[in-house]
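> quick one: sequence plus predicted model below, questions after.
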Amino acid sequence: MRRYFNDNYQKRYLSKREVADRLGVSLGTINNKLNDLPSIKFGKARNSRVLFPLAKLEKMFPDIAYKNNEGLS
């Protein structure tokens with residue numbers, strides 16, 4: 001069951017590093033543009049985990065959907 005949850009979780013959301021890799025930008029650029037990108041922050045601390053919904057990013061950046069179909073992770 002845990003593996004099923006992790007597989008679905010990974011398909012719906014991307015980490016900062018995954019977004020940076022798929023867009024071809026640095027992690028610093030993603031951090032600077034956090035307010036402009038659709039994201040979900042877990043917690044109020046400065047180092048809380050931030051995830052990006054893949055469906056909303058695909059609407060903003062069609063190239064992400066293309067790279068996703070190529071099998072990049």
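Right, received. Where do you want to start?

> give me the low-pLDDT residue ranges for the chain?
1-11, 65-73 (pLDDT under 70).

> in its sheet, what does the top strand by length along the chain sit against?
In the chain, with assignment by DSSP state E, the single longest strand is strand 49-53. Strand 49-53 pairs in its sheet with strand 13-14 (antiparallel), strand 40-42 (antiparallel), by DSSP bridges.

> how far is the last one from where the chain is centred?
Taking CA atoms, centre = their mean, to the nearest Å, one finds strand 40-42 lying 11 Å from the centre of the chain it belongs to.

> from Phe52, how far out is the residue most central in space within the chain?
Nearest to the geometric centre of the chain sits Leu14, at 2.5 Å (CA atoms, centre = their mean). The gap separating Leu14 from Phe52 is 5 Å, by CB to CB, to the nearest Å. C-beta coordinates here come from the backbone N, C-alpha and C atoms, glycine included.

> overlap in contacts, the two.
Common neighbours of Leu14 and Phe52, counting by CB atoms under 8 Å, 6 or more residues apart in numbering, are absent.

> put the alpha carbons of the longest strand of the chain into CSV.
Output of strand 49-53 as CSV, limited to C-alpha atoms (Å, rounded to 0.1, in the frame of the first residue of the first chain):
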residue,chain,number,x,y,z
ARG,A,49,8.8,21.1,2.1
VAL,A,50,7.4,22.7,-1.0
LEU,A,51,5.7,20.7,-3.8
PHE,A,52,4.3,21.8,-7.2
PRO,A,53,1.1,20.3,-8.6
